[in-house]
Structures are given as structure tokens and as C-alpha cells.
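Trainee: predicted model and sequence below, questions to follow.
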Amino acid sequence: MALIQAILDGIMIGGVYAVTSIGLTLVFGVMGIINFAQAEFLMLGMFIAWFAWAKLGLDPLIGAFLAFGLVFLFGLAVQHWLVRRVMRAPEVAQIFLTVGLLIVLENAALLAFGSDFRSVSTPYQTAALRLGPLFISVPYLAAFAMSALSGLGLWWFLRVSWFGRAMRATAQDPMAARLSGIDVDRMRRLAFGLGVGLSAFGGAVILPYLTVYPTVGSQFTVLMFTVVVLGGLGSVAGAVVGGLAVGVIQSLSGLVFPIQLQNLVLFVVFIAVLAVRPEGLLGKAR
């Protein structure tokens, strides 16, 4: 039963990893830029949800939609005024820009909010559902359900809507998309806004069981890159598979090793997978 419980817990956690990482792979797939500041947008989403709870009395699961909307708009502005200017620049300039953005956002949060740890209090914070011998934490289940909902929404958007099809066309061949009448710059701006907005949404839904502070993004940065590279950089489905895999690996390793070694086991598996399949689980070789 301990094994099944660990797998169940890993799936709950992995679903959140997936939705926070989908944004990173979406930005890379459409724009070809790796956003090293992605986790800082997750931090912004957590702070927005915290203030919505503290000042407006909104549950973080409701505040997640506010976090998505505000960070989406902020992302549009960042892409238009900053990221767009380095699209044709050497890759090192793109890296410096996003790393610089990471530093600016982190330090701006420290100046604005201080270094205090903040948490929320909800009626279901310590609740759990019992399924026979198994237990499911209600905050984990709620975060997983919201993450799955946002993932399905993104899938519908990319597959059914005109904007989604135009975005996929831009990712596949920007020149052909432009010749077909698609505003490529607009699609890239939309992709960046959606990408950072989804990370903010994921940050908000995990607030009931985590604390928020200005440097919280640092604990997610490596995990987010592990998820998208393991699943296949640029593949949305790969980010989902990678997120679930990372969550389950972390949870299972906790049965055998001390919690301090969870990430060590994860990275050993990560290196082993990439040694056999460098393009990731669902990525395409180039």
C-alpha cells in the first residue's frame, strides 16, 4: 500500500509540475527562446493569489484566475518591450536578457514585499479524503484538478481555436505562417503571455500547501527545466509526461532514501534517460 500511496502522491504533485512547466516549453516551441525567468512568474502568481486572499478574501484557487490574467498581461508587455528585441540576436543575448529579467523580478519582489514567508489559511488545508487504505490530501487534489483543467483548456485552445492553430503554424514555420497572413509577432506575444500566465496559475494553486517568498522561484527553476527536457523541449505533451514522471520519481525515492536525496535520485534517472534518448521522452530528434 505504501507503494500505491507514493505513486498517487507523485501523480498529484506531478500534475502541478506539468502545468507550471508547460509555459516554459510553449515559449520555446513558438519563439525558440528559453526563458530562464519562467519560475519568477510563478512567484508573481503566488504573490497575487496571496494578496487576493489577504485583501479580498478570495480562495487561492479562485485567485489563480486573477493571477493568470494579470501575469498574462504583464507577459504581453515584457515580450513586446524586451523579448521581441532579441529575437534575432545571438542566443547569448537571449540568455542574458532572461537571466537579467530573473534577477530584476526577484529583487523587485524583495524590495516590494520584503523577505518574509507568507502563507494562507483555508478550510480544506489539512483535510484528506480516504479511499480504503489510501489517503488523498485535499489541497494536493485541488491543485491537481485545477492544473488538469488548465492543461485541458490549453489543449483545446491549441487544437480547436484559430489562434491556437495560428500559434502552432508559427512554431512550425514562421515564414510560411507570415505568408499565410498570420501576424507572427502577435502569435509570439500571445505565446509568451500564455506561457508565463500558466506558470503563475500553477503557482497560485499550490499556495494552500506552500509558502510564498521572493526567492521561491529558485526551488522550481531546476525542476521546471528537468520536466521539459525530460519530456522533450518544445513538446506540450512531453511537459505533461515529464511533470508526472518527475513527481512519481520524487515520491517513490522518498520510500527508500532520505528526503534530502530525492532530487539526487531524480537527476540520476534524468541523466540515464537522456543518455538513451537525448531528445527527451516525446521530443523529436533534429
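Mentor: Sure thing, it's come through. Numbering: from 1, shown residues only.
Trainee: residues in contact with residue 132?
Mentor: Not one residue lies near residue 132 by C-beta atoms under 8 Å, 6 or more residues apart in numbering. (Each C-beta comes from the backbone N, C-alpha and C, glycine too.)
Trainee: for residue 204, see how far away the closest residue to residue 47 other than its chain neighbours is.
Mentor: Once flanking residues are discounted, residue 47 sits nearest to residue 212: 5.8 Å by C-beta to C-beta, 6 or more residues apart in numbering. Look at residue 212 and residue 204: by C-beta to C-beta, to the nearest Å, they are 9 Å apart.
Trainee: now do the shared contacts for these two.
Mentor: Contacts common to residue 212 and residue 204, judged by C-beta under 8 Å, 6+ apart, are residue 46.
Trainee: who's more crowded, the two?
Mentor: residue 204 (32 against 27; other C-beta atoms under 10 Å).
Trainee: that one is in what secondary structure piece?
Mentor: Assigned by DSSP states H and E, residue 204 belongs to helix 184-205.
Trainee: and residue 135, that one's in a helix?
Mentor: No: Residue 135: not assigned to a helix; according to DSSP: H, G, I helix; E, B strand; the rest coil it is strand.
Trainee: run a quick neighbour tally on it.
Mentor: Residues lying near residue 135 (other C-beta under 10 Å) number 12.
Trainee: now do the helix or strand where residue 51 lies: which elements does it pack against?
Mentor: In the assignment (DSSP H and E), residue 51 maps to helix 38-56. On a contact count with 3 or more C-beta pairs under 8 Å, 6 or more residues apart in numbering; DSSP states H and E, helix 38-56 meets helix 2-31, helix 60-81, helix 91-113, helix 184-205, helix 218-231.
Trainee: turn those helices into TSV, including distance to residue 167 and mean pLDDT.
Mentor: Formatted as TSV, the helices and strands packed on helix 38-56 follow (distance: least, C-beta to C-beta, whole Å; pLDDT from 0 to 100):
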stretch	distance to residue 167	mean pLDDT
helix 2-31	6	90
helix 60-81	13	97
helix 91-113	20	95
helix 184-205	5	95
helix 218-231	17	90
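Trainee: let's have those in a markdown table, adding distance to residue 48.
Mentor: Converted to a markdown table, the helices and strands packed on helix 38-56 look like this (distance: least, C-beta to C-beta, whole Å):
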| stretch | distance to residue 48 |
| --- | --- |
| helix 2-31 | 15 |
| helix 60-81 | 4 |
| helix 91-113 | 11 |
| helix 184-205 | 7 |
| helix 218-231 | 16 |
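Trainee: which of those is buried the deepest?
Mentor: With neighbours defined by mean count of other C-beta atoms under 10 Å, none of those is more surrounded on average than helix 184-205, at a mean of 26.
Trainee: which elements pack onto that one?
Mentor: helix 2-31, helix 38-56, helix 60-81, helix 138-160, helix 162-172, helix 174-179.
Trainee: ok, and the closest non-adjacent residue to residue 24?
Mentor: Closest to residue 24 by C-beta to C-beta, 6+ apart is residue 38, at 4.6 Å.
Trainee: give me every residue that touches that neighbour.
Mentor: Counted by C-beta under 8 Å, 6+ apart, residue 38 has contacts 23, 24, 27, 195, 196, 199, 221, 224.
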